[in-house]
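Colleague: Provide a 3D model corresponding to the input given below.
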Amino acid sequence: MVTQNSIYTCQSLLSLSNPQPIREFLLQLWQDYLKTVVPSQLISERGSNLVVINIGSANIRIGLAQQDTPFNIPHCVARRTSQLPKRNVKDQMLNSQVTTAQHVERERAYDTIASLLKIPFLDEEVANNSFPRKMGRVDGYNPQNNRKDIAFSWTDVYEKEPTSSLASGSGMNESLGQPKSTDTKEFKSNERKFREFIYGEEALRISPTEPYCLHRPIRRGHFNVSQHYPVQQVLEDLYAIWDWILTDKLHIPLSERNLYSAILVVPETFDNREIKEMLSIVLRDLRFSSAVVHQEGLAAVFGNGLSTACIVNMGAQVTSIICLEDGVALPISEKTLPFGGEDISRCLLWTQRHHQTWPQIRTDILMKPMDLIMLNKLKESYCEIKEGEVDAVAVVHSYEDGMPAGSHKTRLTALNVSPMGLFYPKLLVPDVYPPPPRSWYNDYEDMLEDTWHTEFPRRSDMSDGLYPSINVGLSMWDSYPVLPNKPKKEEKVGLAEAITSSILATGRIDLQRKLFCSIQLIGGVALTGGLIPVVEERVLHAIPSNEAIDMVEVLQSRTNPTFVSWKGGAILGILDFGREAWIHREDWIRNGIHIGSGRKYKDSYFLQAQPMCYINS
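Modeller: Take a look at the predicted model:
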């Protein structure tokens with residue numbers, strides 16, 4: 001009889017090096033246990049010490065595997081600064097200027113969409129409209145039970161009084177030389193102290209008049225590296241944000257993290273070196289005992305109980321597509337589109353300004369993150385895809401420097417145009433943000449190939465045959481030879497063409513037919529009303545006439561599309577009985593990617609789908 005104690009013993013022995021017959025026996029014991037255990041019991045037993053970290057460009061989703069939903073937190077930190085101007089955004093060289101050619105292409109795309117949706121073209125006068133174009137300030141306007149119109153308030157940037165509880169940013173690790181956000185000294189009666197670090201949504205809601213610099217370490221699916229934002233600062237900011245969440249949200253102090261393991265669920269956009277650096281943060285700095293990396297596409301199929309699907313991940317800044325067969329990702333099908341939900345929000349603002357429905361307020365989404373929060377809320381509340389004119393009465397808020405929010409009741413128009421930019425990306429002008437510099441992403445080993453047979457330089461003092469340890473003052477990867485870099489290409493096509501191209505790249509007609517009927521939309525944009533039927537229709541029309549495929553279906557998500565990949569990462573961690581892909585802290589710090597036994601880290605492309613039978617049963 002399989003008991004819980006014997007299972008714990010089995011799990012411990014599986015992590016050790018044992019002869020093959022013993023490992024096979026232990027695996028069989030674990031599989032027998034999986035057939036009898038209740039899922040909720042398994043999650044409770046195995047998920048209490050697994051932290052799942054799903055990294056996105058705009059938000060990070062993090063929580064214990066046993067939780068139903070994770071914390072969903074803006075991926076940013078604001079640091080107090082004494083430099084002038086008083087406030088700035090540490091980002092890639094932002095460019096809000098749209099070129100003349102882009103403007104012409106955008107107007108053309110709008111008219112194409114207007115023709116499809118049966119609404120007036122961009123330059124058509126709406127003289128016979130049944131509603132007046134009036135906008136008025138309505139301070140104190142408070143629609144009953146309508147939370148989507150509630151204004152945000154500016155963040156209190158001062159430390160709390162000594163008698164009150166600790167400030168929310170008190171989880172910083174002192175190893176980086178960063179002080180805690182609560183001062184231990186006595187406060188003078190007439191003196192207040194600024195908080196040194198502010199995280200998450202609070203960081204986005206800081207008034208531009210306050211002396212803070214906003215850092216976003218990840219943008220457009222990559223580290224936000226530029227000449228103004230060096231890689232070391234990016235890594236320190238990632239560490240600071242994750243450490244704060246672990247301490248203040250999950251209540252896991254640094255001294256107890258050796259009792260936990262971490263599951264990194266990363267988008268397909270990340271380069272190999274970026275993944276390695278994040279593993280170093282998790283294992284070396286945050287001090288987890290072990291960690292494993294899964295790609296979002298693989299995690300998504302587990303999160304929805306599928307085995308074969310075309311995963312379309314529509315995030316805030318990037319849309320990525322990848323196909324999976326029997327739980328294994330197919331690299332040839334991978335596509336990346338440089339636009340997402342934030343681009344739809346920017347397009348919404350442009351549309352309203354063109355139609356003169358936007359109030360006369362100063363809205364600057366590049367330098368005032370509070371304005372982008374407001375636009376994202378309006379997009380989520382009112383934008384949908386359907387034929388005919390889609391208008392709505394909404395309350396737009398103005399956030400002037402340091403002033404309370406002002407409310408402006410107005411009628412927004414053409415609310416179905418912006419989300420159609422997914423299919424006509426020239427409407428979104430996705431090149432507002434320049435791409436990150438590629439020179440930094442030269443990798444020293446391609447983790448998608450079996451390259452461990454490459455001859456690496458060895459030091460004469462290495463009697464145990466291990467690869468070189470970290471050199472003081474140098475990155476652990478600088479001593480490895482440079483292998484050819486294969487940057488991931490961004491596609492300049494619409495969503496329907498990208499999905500069609502991704503599926504057709506798999507080659508086999510039987511698999512293609514199955515994938516076209518198993519499209520899965522995940523990410524926050526997947527919640528857009530009316531999106532699913534439009535995807536089905538447009539993908540069907542994008543299939544070449546010489547292909548023997550006549551059916552397209554988008555599967556409904558079994559859980560919130562925003563959290564599907566996070567949930568799948570939790571399931572993968574709980575059901576991973578072999579644990580061969582897990583990296584232990586000591587091994588990583590000593591040897592980096594290379595393990596003394598010759599084992600090599602492999603990402604999700606090569607993970608076997610052995611637990612899939614359990615999920616589908």
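Colleague: for stretch 546-557, measure first residue to last.
Modeller: One end of stretch 546-557 sits 31 Å from the other (CA to CA, to the nearest Å).
Colleague: same question for it, mean pLDDT?
Modeller: Averaged over stretch 546-557, pLDDT sits at 93.
Colleague: next: stretch 569-578.
Modeller: Stretch 569-578 shows a mean pLDDT of 81.
Colleague: what does stretch 97-107 give?
Modeller: So the average pLDDT for stretch 97-107 ends up being 87.
Colleague: okay, buried residues for it please.
Modeller: For stretch 97-107, burial by neighbour count (16 or more other CB atoms under 10 Å) applies to Glu105, Arg106, Glu107. From N, CA and C alone the C-beta is placed, and that goes for glycine too.
Colleague: any regions of the stretch 301-450 of the chain where pLDDT drops low?
Modeller: Along the stretch 301-450 of the chain, the parts satisfying pLDDT under 70 run over 430-450.
Colleague: what segments of it are helices?
Modeller: Along the stretch 301-450 of the chain, counting by DSSP state H, counting those that start in this stretch, helices occupy 341-354, 369-382.
Colleague: out of those helices, the one nearest Ile53 is which?
Modeller: helix 341-354 (20.7 Å; CB to CB).
Colleague: where in the stretch 501-617 of the chain is pLDDT low?
Modeller: Counting by pLDDT under 70, the ranges of the stretch 501-617 of the chain that qualify are 577-578, 592-617.
Colleague: how about 90 then?
Modeller: Applying pLDDT under 90 to the stretch 501-617 of the chain picks out residues 507, 548, 558-559, 571-583, 586-617.
Colleague: count the neighbours of Leu214 for me.
Modeller: 20 (other CB atoms under 10 Å).
Colleague: name the residues that touch stretch 354-374?
Modeller: Under the contact criterion CB atoms under 8 Å, 6 or more residues apart in numbering, stretch 354-374 has outside partners 76, 88-89, 94, 96, 122, 126, 133, 135, 137, 152, 154, 201, 203-205, 208, 214, 342, 345-346, 349, 352, 375, 396-400, 406, 408, 410-414.
Colleague: TSV for the buried residues of stretch 97-107, including secondary structure and distance to Asn49?
Modeller: What follows is those, written out as TSV (DSSP: H, G, I helix; E, B strand; the rest coil; distance: CB to CB, whole Å):
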residue	secondary structure	distance to Asn49
Glu105	helix	52
Arg106	helix	50
Glu107	helix	55
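Colleague: any idea which of these is closest to Val51?
Modeller: Arg106 (42.7 Å).
Colleague: was I right to think the closest one contacts Val98?
Modeller: Yes: contact criterion CB atoms under 8 Å: Arg106 and Val98 qualify, at 7.2 Å.
Colleague: and for the two, which residues touch both?
Modeller: Listed as contacting both Arg106 and Val98 by CB under 8 Å, 6+ apart are Val429.
Colleague: okay, how far is it across stretch 314-322, tip to tip?
Modeller: One end of stretch 314-322 sits 12 Å from the other (CA to CA).
Colleague: stretch 511-528 too?
Modeller: One end of stretch 511-528 sits 28 Å from the other (CA to CA).
Colleague: would you mark the buried spots in that stretch?
Modeller: Buried residues in stretch 511-528, counted by 16+ other CB under 10 Å: 511-526, 528.
Colleague: do the same with stretch 111-122
Modeller: Within stretch 111-122, the residues that count as buried by 16+ other CB under 10 Å are Thr112, Ile113, Ala114, Leu117, Ile119, Pro120, Leu122.
Colleague: Ala309 contacts Ile322, correct?
Modeller: No: counting by CB under 8 Å, Ala309 stays clear of Ile322, with 9.5 Å between them.
Colleague: which of the two has more residues huddled nearby?
Modeller: A count of neighbours by other CB under 10 Å puts Ile322 above the other of Ala309 and Ile322, at 28 against 22.
Colleague: next, the contact list for the closest residue in space to that one that isn't next to it in sequence, please.
Modeller: Excluding its sequence neighbours, the residue lying closest to Ile322 (CB to CB, 6 or more residues apart in numbering) is Gly297, at 4.0 Å. Going by CB under 8 Å, 6+ apart, Gly297 touches Glu268, Ile311, Asn313, Ser320, Ile322, Leu324, Ala329, Ser604.
Colleague: circling back: from the contacts of stretch 354-374, which would you call buried?
Modeller: Using 16+ other CB under 10 Å, the buried ones in the contacts of stretch 354-374 are 76, 89, 122, 135, 154, 201, 203-205, 208, 214, 342, 345-346, 349, 352, 375, 396-399, 406, 408, 410-414.
Colleague: if we can go back for a sec, and which of the buried residues of stretch 97-107 is nearest to Tyr158?
Modeller: Once CB to CB is applied, the member of those that ends up nearest Tyr158 is Arg106, at 43.0 Å.
Colleague: which of the buried residues of stretch 511-528 fall within helices?
Modeller: Leu511, Gln512, Arg513, Lys514, Leu515, Phe516 (DSSP state H).
Colleague: count of neighbours near Val293?
Modeller: Per other CB under 10 Å, the neighbour tally for Val293 reads 25.
Colleague: quick check: bridge partners of it?
Modeller: Counting by DSSP bridges, Val293 is bridged to Leu264.
Colleague: how about the secondary structure of Val234?
Modeller: Classification of Val234 using DSSP: H, G, I helix; E, B strand; the rest coil returns helix.
Colleague: any idea how far Ala240 is from it?
Modeller: Distance, Val234 to Ala240, using CB to CB, to the nearest Å: 11 Å.
Colleague: brilliant, that's me finished.
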